[in-house]
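Asks: sharing a model prediction with you, sequence too.
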Amino acid sequence: MSQLFSIGSYRSSAISLWSVLFRLEGNVFFAVLPFCIANCLLLWLVAYYRETYNFGFSPTGHGLLTLLVSFLVISKVNLAYDRYRAVRYHAGQGAAVLRELIQMVITVSSTSLSNNNNINDDQGKELRYWRSECIVKVTDIMDTTVRVLQDYSLAKHLAHNKPLKSTTAYNIKNSSNNNESSVEEVIELDPLVHVQSLRLHLYCASGLGLDILERINLVNKLQEYTREYTSLLILSSTPIPFPLTQMGRAFLFIWVFSMPLVLLEGPFSDFWSALAFLFFLTYGFIGLELVSIKLSDPFGHSHDDVQLSNIRDATIDGIENDLKQIPNQTTISERRLLFSMQKRQTQQDHHDQGYGYHAMAGTTADLA
């Protein structure tokens, strides 16, 4: 158990109640604390001037807004969490599809090298080069996908043809990881351009001894990734509708920061009990609003966002592990042949032992 807690992951911290309550990483308490202090100060001012100016709201009238505010807050949290789960699902599916594509490439190339006796050294080198180029192109696809999804301006540009912001254009122009020299070369950051390049690379390989059905299956597998990337691009470039966000946030702030005018009118007669209740009420409702803001845009670099870069790195590591298994995968045809021979031997043994029904025998000796 001590080893689990030393990892510091969310799963290990969720085991203990106290670890969850006092965990600082990802905690919104310090972000909500200024709102709680401001609302408590407002309650103190209301309590100080209430008898002098005799003002306040009716608790009954103010309570009518509770249902509306609660519905808006919870609905926004659920909507943001659905977006968060959708991003994680499509990112995981896309990474798995690309790794599966490389596994299929390794399989067909290794099988072609091991089974084709007529292949010469030059064709073998070309086939290995074709396989390595597939891996390089898949890496480029993942790199550009992560960069597009994590840059909101670039995602909107590729999805809606919106103009790039000056910061994005500057980063593209002065990028050290890519070869862009101007904003016009932003097309090199489009993952679909790299997808098309890989599609041509996969399909136009007839001279390497690959069957047409094998190449079509590889292209179809790449089509699955295109669907996952399109879903991610839609989520990245389309935020939660602004009217819903504005209305929910306006009602929330009006309801929360008008609560000091209500508490001393009936629910609480003691100032300190009202102060404690107001502090935790502000923490709960404003905290949920901040949580929905975080979950609605999970394409950043913080701990609470979907770790797209880590998913990419994990996929690349998995591809490297698959490449290490190539010497063991050259005997696939031999194992398939061995399996078929074992199957024939088993059928022959069953036949010799009389495990079968011979309808034309006419005797009961052949009945199993």
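Replies: That came through, no problem.

Asks: what about Leu164, how many residues close to it?
Replies: Residues near Leu164, counting by other C-beta atoms under 10 Å, number 17. C-beta coordinates here come from the backbone N, C-alpha and C atoms, glycine included.

Asks: then Leu290?
Replies: By the criterion of other C-beta under 10 Å, Leu290 has 13 neighbours.

Asks: for it, which non-adjacent residue is spatially closest?
Replies: Excluding its sequence neighbours, the residue lying closest to Leu290 (C-beta to C-beta, 6 or more residues apart in numbering) is Val28, at 4.9 Å.

Asks: give me the pLDDT value at the residue sitting nearest the centre point of the chain.
Replies: When the chain is reduced to its mean C-alpha position, the nearest residue by C-alpha atoms, centre = their mean turns out to be Arg88, at 2.1 Å. As predicted, Arg88 sits at a pLDDT of 94.

Asks: helix, strand, or coil at the closest residue to it other than its chain neighbours?
Replies: Distances taken as C-beta to C-beta, 6+ apart put Val306 closest to Arg88, at 5.1 Å, once the chain neighbours are dropped. Classification of Val306 using DSSP: H, G, I helix; E, B strand; the rest coil returns coil.

Asks: so what's Val306 up against?
Replies: Tyr84, Val87, Arg88, Ala91, Pro298, Phe299 (C-beta atoms under 8 Å, 6 or more residues apart in numbering).

Asks: just those now: which is nearest Leu252?
Replies: The shortest approach to Leu252 among the contacts of Val306 belongs to Tyr84, at 20.3 Å (C-beta to C-beta).

Asks: where does the stretch 101-250 of the chain have low pLDDT?
Replies: Within the stretch 101-250 of the chain, the ranges that satisfy pLDDT under 70 run 113-121, 166-187.

Asks: my guess is Leu198 contacts Tyr225, does it?
Replies: No. Using C-beta atoms under 8 Å, Leu198 is not in contact with Tyr225, being 9.4 Å away.

Asks: what sits in contact with each of those two?
Replies: With C-beta under 8 Å, 6+ apart as the test, Leu198 and Tyr225 both reach Ile141.

Asks: of the contacts of Val306, buried ones?
Replies: The neighbour count (16 or more other C-beta atoms under 10 Å) marks Tyr84, Val87, Ala91, Pro298, Phe299 as buried among the contacts of Val306.

Asks: nearest to Leu263, of the residues you listed?
Replies: Tyr84 (34.5 Å).

Asks: hang on, isn't that closest one packed against Leu295?
Replies: Yes. Contact status for Tyr84 versus Leu295: in contact at 4.5 Å, counting by C-beta under 8 Å.

Asks: circling back: next, the residue nearest to Leu290: phi, psi?
Replies: phi -100, psi 10 (degrees, to the nearest 10).

Asks: Met259 and Asn39 touch, don't they?
Replies: Yes. Assessed by C-beta under 8 Å, Met259 is found in contact with Asn39 at 7.1 Å.

Asks: give me the common contacts of these two.
Replies: Joint contacts of Met259 and Asn39 (C-beta under 8 Å, 6+ apart) are Leu278, Thr282.

Asks: now for Asp313, how many residues are close by?
Replies: For Asp313, the neighbour count with other C-beta under 10 Å is 14.

Asks: now do the strand or helix carrying it: distance to the chain's middle.
Replies: Asp313 belongs to helix 308-324 when elements are defined using DSSP states H and E. Here helix 308-324 shows a centroid-to-chain-centroid distance of 15 Å under the convention C-alpha atoms, centre = their mean, to the nearest Å.

Asks: which of the residues in it are buried?
Replies: So, applying 16+ other C-beta under 10 Å, buried residues of helix 308-324: Leu308, Ile311, Arg312, Thr315, Ile316, Gly318, Ile319, Asp322.

Asks: got these as a markdown table, with pLDDT columns?
Replies: Output for those, formatted as a markdown table (pLDDT from 0 to 100):
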| residue | pLDDT |
| --- | --- |
| Leu308 | 93 |
| Ile311 | 94 |
| Arg312 | 94 |
| Thr315 | 94 |
| Ile316 | 94 |
| Gly318 | 93 |
| Ile319 | 92 |
| Asp322 | 89 |
